[in-house]
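Sequence and predicted structure, then a few things I'm wondering about:
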Number of protein chains: 2
Amino acid sequence: MKDMRIKQLIESIEGAGLDAYMVTMDPNIIYYAGTISGGILIVSPEAEPFLLASRLNFSIAQDQATGCEVKPYIRKDKLEKITVILNELNPKKIGFDELSLDLYKDLGKRLKDVELKAAPDVVMDMRRVKDTKEQGLMRRAAELADIGMEAIRQFLREGVREYEVAAEASYAMRREGAEERAFPFIVASGLRSAYPHAGVTDRRIKRGDFVTVDMGATYHEYQSDLTRTFIMGVPSDEQRAIYDVVLEANEVALAEIQSGAAGVKVDRIARGIIESEGYGDYFIHGLGHGVGLEIHEPPSLSKTSEDILKVGNVVTDEPGIYIPGFGGVRIEDTVLVTDSGPNRLTRFDKDIDAMCV
Amino acid sequence: MKDMRIKQLIESIEGAGLDAYMVTMDPNIIYYAGTISGGILIVSPEAEPFLLASRLNFSIAQDQATGCEVKPYIRKDKLEKITVILNELNPKKIGFDELSLDLYKDLGKRLKDVELKAAPDVVMDMRRVKDTKEQGLMRRAAELADIGMEAIRQFLREGVREYEVAAEASYAMRREGAEERAFPFIVASGLRSAYPHAGVTDRRIKRGDFVTVDMGATYHEYQSDLTRTFIMGVPSDEQRAIYDVVLEANEVALAEIQSGAAGVKVDRIARGIIESEGYGDYFIHGLGHGVGLEIHEPPSLSKTSEDILKVGNVVTDEPGIYIPGFGGVRIEDTVLVTDSGPNRLTRFDKDIDAMCV
């Protein structure tokens, strides 16, 4: 599997007119070399792939990495080792997924007459199409998020604190096999629900609150992303109106998550529903983003997206309305594009009655 | 408090010969502006500080930020807004803590005749000295890590899986007020204990295993870092020998974490103990690193450190021995430098009898 991916990467490198490629992002090292060691993977059509791993992670890299030769570096000789490997390839143009400013400058000085070119799509065009095995891992990551959300529904009551809510979900997911949470929990209660990225505080949850919970699980390095907004008690008319609009946008957009659909169009359809109800100014982010080894990756569903959905893409569908001084609602699922249409990986309830506690 | 910090930042900016400074790292935005919104904080001696926040986080920035004016940006106009604010300052030399390669290049094109200079020390020299309030938060973050480790000691037994171990610690810390874990858990059992950065798997823990647990809590944005190695059953002679050497290195180094001590010297003392017992080749990382709003920050205790410890620094003390094919031990505390010597913030037991379960 890993070898096939590297072969495909080499084709993409050649297709992009590059002589060599430096893979530096951890999720890309996992994808191509199968190890969590990090490091720098150097791939070219002319030579065997090399993974340079820090001395700290050399042992795990040796045990886990497939399809490449592993060499250790220490901080002092890292730059020198990269340079030697690259110079042997005698390249004119070297692509990379991401470089720190320091490494970019340092390599630029050492590699005379070589163009260093950011070319993240060379890897991301592969990563955004999930194969069958990846789809299975993402399905399990999504199930684990559902398990976490159910633990919250059981636990949530007036007087509990936001961090206690996160504790229950984290525990439920990890007990069932999540190695990690996918990203920092968001438990946004009361007026804080008007913040899309609210974090977690020690605020006590009160009757009448919206409580927006945004969370995900990591399963075998793959992530899921799930948001639900609970309502503490009987919703007010305005709470119900907002909830209904967001839910409609979420459901109508879900049906549009199809192979061949433009990301900009799926966003526009959801946005149109929210705008037509007069809440357009309060939907302050894109509809969705790709998910996989990273929690945010291509393709995107947004006003500025240039992406066209393909079978094997996994994206979020997460409209929201955020009214400062009042509160907010977001409803988000992780969705797989299949050749028979959208397949919702997160399955948690979303009708308003199921969300009132 | 925040205003005082910005005043001190302005003095440092002037001292470094800079006309303006761009704060882009989230922990630095928390430190100077008091908000988790992220964004870009632009500070100069000549004008009021500006925080540019994404539209998504504009509301939380407005509510939380102190000592600066908050303006929103959208992706399309971000570069333009930064440029306008900076150009009004008419600067020759602009410092920054960190810039992505893209932003560095884009700003370079727009800001003609302006030097963009990486100057992270301007902020880190302040952040590495924790004030009384920060020390209190870090003390609590360390207590929470201790609570997590105690939950593990209660739970750990043959047959449980690594992810279940992490689940218990995460739950205990979060229930008591941690908003997050400080960094991804490490539960490295059996041969995996020879990997310093092992992550968490579904491996079942067996009699005779070393189980190294490395974890920390986040409390009001401040982090802690704690490692202990448990032994499943009665330690073998070699296990005991390794454990004893690491513990001695940890304890001798602890006493050296004093104001005025060189980071390189503290590392050398710990390393000397491990080398003298013949395990020098297996201690494959530095002795310690600073902790605060980030889990790795200055000052460092290592072979290449140029830091001198000061009162208010918080550093880890974490010698380790990692023998591929056998296993490893690491013992780590988070330590505050006070004017009366080292103050160990993580208090969990470390004598070998307390670690055998």
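Arrived safely.

longest helix in chain A, by residue count?
Longest helix in chain A, counting residues (DSSP state H): helix A:132-155.

Please name every helix or strand in contact with that helix.
helix A:162-175, strand A:210-215, strand A:217-219, strand A:222-223, strand A:226-231, strand A:333-338 (3 or more Cβ pairs under 8 Å, 6 or more residues apart in numbering or on different chains; DSSP states H and E). C-beta here means a position set from N, CA and C on the backbone, and glycine is covered the same way.

Which among the ones you listed is found nearest to B:H220?
Among these, the nearest to B:H220 by Cβ to Cβ is helix A:162-175 (11.0 Å).

mean confidence score for whichever helix or strand comes after the closest one?
For helix A:162-175, the succeeding helix or strand toward the C-terminus, using DSSP states H and E, is strand A:180-181. The average of the pLDDT scores along strand A:180-181 is 98.

picking that back up, let me have the helices and strands packed on helix A:132-155 in TSV, extended by mean pLDDT and mean neighbour count.
Listed next are the helices and strands packed on helix A:132-155 as TSV, based on pLDDT from 0 to 100; neighbours: other Cβ atoms under 10 Å in any protein chain shown:
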stretch	mean pLDDT	mean neighbour count
helix A:162-175	98	25
strand A:210-215	98	26
strand A:217-219	98	27
strand A:222-223	98	28
strand A:226-231	98	25
strand A:333-338	98	23
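
Let's verify A:V311: helix, strand, or coil?
coil (DSSP: H, G, I helix; E, B strand; the rest coil).

pLDDT score assigned to it?
98.

hmm, which helix or strand of chain A has the shakiest average pLDDT?
In chain A, the helix or strand scored least confidently by mean pLDDT, DSSP states H and E is helix A:2-15, which has a mean of 92.

what separates the helix or strand that it is followed by from the chain centre, distance-wise?
Where DSSP H and E defines the elements, the next helix or strand beyond helix A:2-15 is strand A:20-23. The chain centroid and the centroid of strand A:20-23 are separated by 23 Å under Cα atoms, centre = their mean, to the nearest Å.

Direction included, what does strand A:20-23 pair against?
strand A:40-44 (antiparallel), strand A:93-96 (parallel) (DSSP bridges).

which one of the ones you listed lies closest to B:Q223?
Between the strands paired with strand A:20-23, strand A:40-44 lies closest to B:Q223; by Cβ to Cβ that is 27.0 Å.

before we move on, back to that, specify the angle between the least confident helix or strand of chain A and strand A:40-44 in degrees.
Going by axes from the mean of the first three to the mean of the last three Cα atoms, to 10 degrees, helix A:2-15 is angled at 60 degrees with respect to strand A:40-44.

buried sites along helix A:2-15?
A:K2, A:R5, A:I6, A:L9, A:I10, A:S12, A:I13 (16 or more other Cβ atoms under 10 Å in any protein chain shown).

From A:I42, how far out is the last one?
The reference is to A:I13. Distance of A:I13 to A:I42, given as Cβ to Cβ, to the nearest Å: 11 Å.

Redo the strands paired with strand A:20-23 as a markdown table? Include mean pLDDT and mean neighbour count.
A markdown table is the format used below for the strands paired with strand A:20-23 (pLDDT from 0 to 100; neighbours: other Cβ under 10 Å):
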| stretch | mean pLDDT | mean neighbour count |
| --- | --- | --- |
| strand A:40-44 | 97 | 26 |
| strand A:93-96 | 98 | 22 |
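
Kindly state the domain boundaries assigned to chain A.
A:2-127, A:132-355 (automatic domain parsing).

Single out the most deeply packed of those domains.
Among those, domain A:132-355 has the highest mean neighbour count (mean count of other Cβ atoms under 10 Å in any protein chain shown), at a mean of 21.

Pull up the distance across it, start to finish.
Here the two ends of domain A:132-355 are set 33 Å apart, with distance taken as Cα to Cα, to the nearest Å.

Relative to the whole chain's centre, how far out is that domain?
12 Å.

So, low pLDDT: which residues of the stretch 1-150 of chain A?
A:1-2 (pLDDT under 70).

Close to chain B: what parts of it are there?
Residues of the stretch 1-150 of chain A lying close to chain B by Cβ under 8 Å from any Cβ of the partner chain are A:36-37, A:55-60, A:75-76, A:98-102, A:104, A:118.

Just those residues: which are in helices?
A:F58, A:S59, A:I60, A:L101, A:D102, A:Y104.

now, which of those residues sits nearest A:M215?
A:I60 (27.9 Å).

so how far is B:E297 from that closest one?
Distance from A:I60 to B:E297, by Cβ to Cβ: 24 Å.

just checking, what packs against the longest strand anywhere in chain A?
Identified as the longest strand of chain A according to DSSP state E is strand A:47-54. Under the contact criterion of 3+ Cβ pairs under 8 Å, 6+ apart, strand A:47-54 touches helix A:26-33, strand A:40-44, helix A:58-64, strand A:69-73, helix A:78-88.

could you dump the helices and strands packed on helix A:132-155 to JSON lines with distance to chain B?
Listed next are the helices and strands packed on helix A:132-155 as JSON lines, based on distance: least, Cβ to the nearest Cβ, whole Å:
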{"stretch": "helix A:162-175", "distance to chain B": "3"}
{"stretch": "strand A:210-215", "distance to chain B": "11"}
{"stretch": "strand A:217-219", "distance to chain B": "8"}
{"stretch": "strand A:222-223", "distance to chain B": "13"}
{"stretch": "strand A:226-231", "distance to chain B": "14"}
{"stretch": "strand A:333-338", "distance to chain B": "19"}
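
Of all the domains of chain A, which one is nearest B:E238?
When those are compared (using Cβ to Cβ), the closest one is domain A:2-127, at 18.1 Å.

so how far is that closest one from its chain's centroid?
That offset, for domain A:2-127, works out to 22 Å (Cα atoms, centre = their mean).

one step back: right, and out of the ones in helices among the residues of the stretch 1-150 of chain A next to chain B, which lies closest to A:Q154?
A:I60 (37.7 Å).
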